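K.L.:
Sequence plus the predicted model coming up.
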Amino acid sequence: MEKRIAIVRGDYIGPEIVGEAIKVLRSIEAKYHHTFIYDEVLAGGAAIDATGECLPQVSIVALKQADAVLLGAVGGPKYDSQPANNRPEKALLRIRSLLGLFANLRPAILFPQLADASPLKPEIVQKGIDFVVVRELTGGIYFGKHETIGDLAVDEMAYSVEEIQRIAKVAFETAQVRHHKVTCVDKANVLDTSKLWRKVVKDLAKEYPDVELNFMYVDNAAMQLCKDPSQFDVILTENMFGDILSDEASMLTGTIGTIGSASLGSTSVGMYEPIHGSAPDIAGKDMANPLGTILSVAMMMRYSFHLEKEAQDIEKAVNTILDEGYRTADMMSEGMKQVGCQEMGDLVVKQIENY
Ligand SMILES: NC(=O)c1ccc[n+]([C@@H]2O[C@H](COP(=O)([O-])OP(=O)(O)OC[C@H]3O[C@@H](n4cnc5c(N)ncnc54)[C@H](O)[C@@H]3O)[C@@H](O)[C@H]2O)c1
Ligand SMILES: CC(C)[C@H](C(=O)O)[C@@H](O)C(=O)O
Ligand SMILES: [Mg+2]
């Protein structure tokens with residue numbers, strides 16, 4: 001199979017973790033005789049450094065030609081004084097919007113080997129953590145009007161019926177191949193957008209009689225995630241709530257460093273990135289956990305290329321390495337073997353080569 005992958009290495013730890021994910025892509029390529037063409041694309045801070053613009057036109061052209069995009073993370077203190085429309089984070093939002101990637105799947109799955117790294121009590125962790133946040137990604141407050149007039153700042157939040165329907169459909173279909181439960185998280189006791197979400201999601205649920213649907217206010221959901229995360233199967237939510245809850249959910253599984261994500265639209269083109277940011281505090285120290293990015297590559301194999309065996313190889317390799325006790329600093333616990341970012345990548349590749 002021949003596929004074109006746009007590579008956005010990004011800023012701070014971005015190039016470190018993407019470097020390890022590319023090692024994994026190359027090992028899959030060699031093992032299964034695929035051809036992946038890698039297009040290096042500048043976006044975010046690296047693009048500002050090179051061209052002054054956070055998302056140059058040449059990058060947009062390359063992104064539009066890709067079958068899939070792999071992105072590390074963008075942003076960081078060096079770029080915080082950029083004007084709002086040229087911040088690295090703006091490039092990320094533009095890419096999501098340009099490629100029509102309205103559905104962001106963020107699995108929160110606890111590897112049993114990492115139970116000791118979870119901040120939750122053992123009796124809560126033992127019940128299992130295995131759910132997916134289905135986050136709406138191209139609407140809501142992120143894409144509304146942003147305006148500052150003198151002493152007043154406004155961020156507008158809007159959702160249309162169609163935007164809600166298409167993401168809710170993804171959530172119901174995700175639940176159908178999991179444990180048949182959708183929890184729609186909103187703030188319908190205050191927000192009109194949330195009231196519309198409830199109506200649209202309730203109507204659509206009639207087409208999915210095999211899926212149980214419940215609604216939960218976002219403040220309660222934040223609490224329930226700590227109290228009993230085993231109650232969740234698919235969390236369906238709007239853009240900003242999904243951003244916040246997925247970081248919270250990741251930590252319940254031990255570390256934000258192992259969680260990957262897929263951003264999908266109505267075609268097979270997708271963007272794959274860990275859910276964490278550019279971690280400026282650990283950049284350049286070979287300390288970053290590359291597993292979230294490597295597991296995002298597994299999602300790329302599955303969702304964009306329909307290469308299930310390849311996806312499973314990557315996931316199995318990560319599992320084995322964790323079984324063998326290897327940990328980066330962020331998931332370290334007593335008796336485990338601490339490794340750096342590059343060694344972790346090498347260990348995963350060695351496993352894949354062994355199967
Ligand atoms: N998708 C993205 O590109 C993306 C996502 C989130 C944040 N950001 C940007 O990243 C910058 C830093 O943001 P932040 O500090 O709020 O969040 P962050 O996720 O970068 O870091 C939060 C904490 O988690 C740790 N961490 C994150 N990823 C890790 C990994 N792979 N291994 C080990 N530890 C890890 C960091 O060291 C830090 O202590 C900001 O500019 C922000 O806008 C980008
Ligand atoms: C960097 C930022 C714009 C982004 C978001 O809020 O979507 C990030 O936090 C994420 O989770 O991917
Ligand atoms: Mg986030």
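P.N.:
Perfect, I can see it now. Here the structure is a predicted model, which is why all the values come from computation and not from measurement. Ligands and ions are numbered 1, 2, ... in the order given.

K.L.:
interface residues of the protein facing ligand 2?
P.N.:
Selection of the chain residues close to ligand 2 by CB under 6 Å from any ligand atom yields G75, E89, L92, L93, D243, I275. Glycine gets a C-beta too; all of them are placed from N, C-alpha and C.

K.L.:
Could you work out the most separated pair of those residues?
P.N.:
Across those, the longest distance by CB to CB is 15.1 Å; it joins L93 and I275.

K.L.:
what about the two, which has more around it?
P.N.:
The neighbour count for L93 versus I275, taken as other CB atoms under 10 Å, is higher for I275 (24 against 16).

K.L.:
Am I right that that one is in contact with G292?
P.N.:
Yes. Between I275 and G292 there is a contact at 6.7 Å, judged by CB atoms under 8 Å.

K.L.:
what sits in contact with each of the two?
P.N.:
Common neighbours of I275 and G292, using CB atoms under 8 Å, 6 or more residues apart in numbering, are I256, I259, G260.

K.L.:
ok, then the element right after the helix or strand E162 falls within?
P.N.:
E162 is part of helix 161-176 when elements are defined by DSSP states H and E. For helix 161-176, the following helix or strand on the C-terminal side (DSSP H and E) is strand 181-186.

K.L.:
Give me the contact list for that following strand.
P.N.:
Residues outside strand 181-186 that contact it (CB under 8 Å, 6+ apart): 168, 171-172, 175, 194, 197-198, 201, 205, 211-218, 221, 231-238, 241, 245.

K.L.:
same thing but 6 Å
P.N.:
171, 175, 194, 197, 201, 211-216, 218, 221, 232-237, 241 (CB atoms under 6 Å, 6 or more residues apart in numbering).

K.L.:
export that strand as CSV, just CAs?
P.N.:
This file holds the C-alpha atoms of strand 181-186, laid out as CSV (Å, rounded to 0.1, in the frame of the first residue of the first chain):
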residue,chain,number,x,y,z
LYS,A,181,-23.5,3.5,26.1
VAL,A,182,-23.3,7.2,25.3
THR,A,183,-23.0,9.9,28.0
CYS,A,184,-23.7,13.3,26.5
VAL,A,185,-21.9,15.9,28.6
ASP,A,186,-23.2,19.5,28.6
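
K.L.:
and that strand, which strands flank it?
P.N.:
Next to strand 181-186 in the sheet, as set by DSSP bridges, lie strand 212-217 (parallel), strand 234-237 (parallel).

K.L.:
how distant is it from the center of its chain?
P.N.:
The chain centroid and the centroid of strand 181-186 are separated by 18 Å under CA atoms, centre = their mean, to the nearest Å.

K.L.:
Give me the angle between it and helix 161-176.
P.N.:
Angle, strand 181-186 to helix 161-176, by axes from the mean of the first three to the mean of the last three CA atoms, to 10 degrees: 150 degrees.

K.L.:
State the mean pLDDT of strand 181-186.
P.N.:
Averaging pLDDT along strand 181-186 yields 99.

K.L.:
Past it, which element shows up next along the chain?
P.N.:
Reading on from strand 181-186 to the C-terminus, the next helix or strand found by DSSP H and E is helix 192-205.

K.L.:
In contact with the residue nearest to P77 when sequence neighbours are not counted, which residues are there?
P.N.:
Spatially, and ignoring its direct neighbours in sequence, P77 is nearest to P280 (5.8 Å; CB to CB, 6 or more residues apart in numbering). By CB under 6 Å, 6+ apart, the contact set of P280 is Y12, G76, P77.

K.L.:
Same question for the residue nearest the centre of the chain, what's its three-state structure.
P.N.:
For the chain, S261 is the residue whose C-alpha lies nearest the centre (CA atoms, centre = their mean; 2.7 Å). Using DSSP: H, G, I helix; E, B strand; the rest coil, the structure places S261 in strand.

K.L.:
Give me the longest strand you can find in this structure.
P.N.:
Secondary structure of the chain per DSSP state E: the longest strand is strand 2-10.

K.L.:
What is the end-to-end distance of stretch 76-87?
P.N.:
The straight-line separation of the ends of stretch 76-87 (CA to CA, to the nearest Å) is 10 Å.
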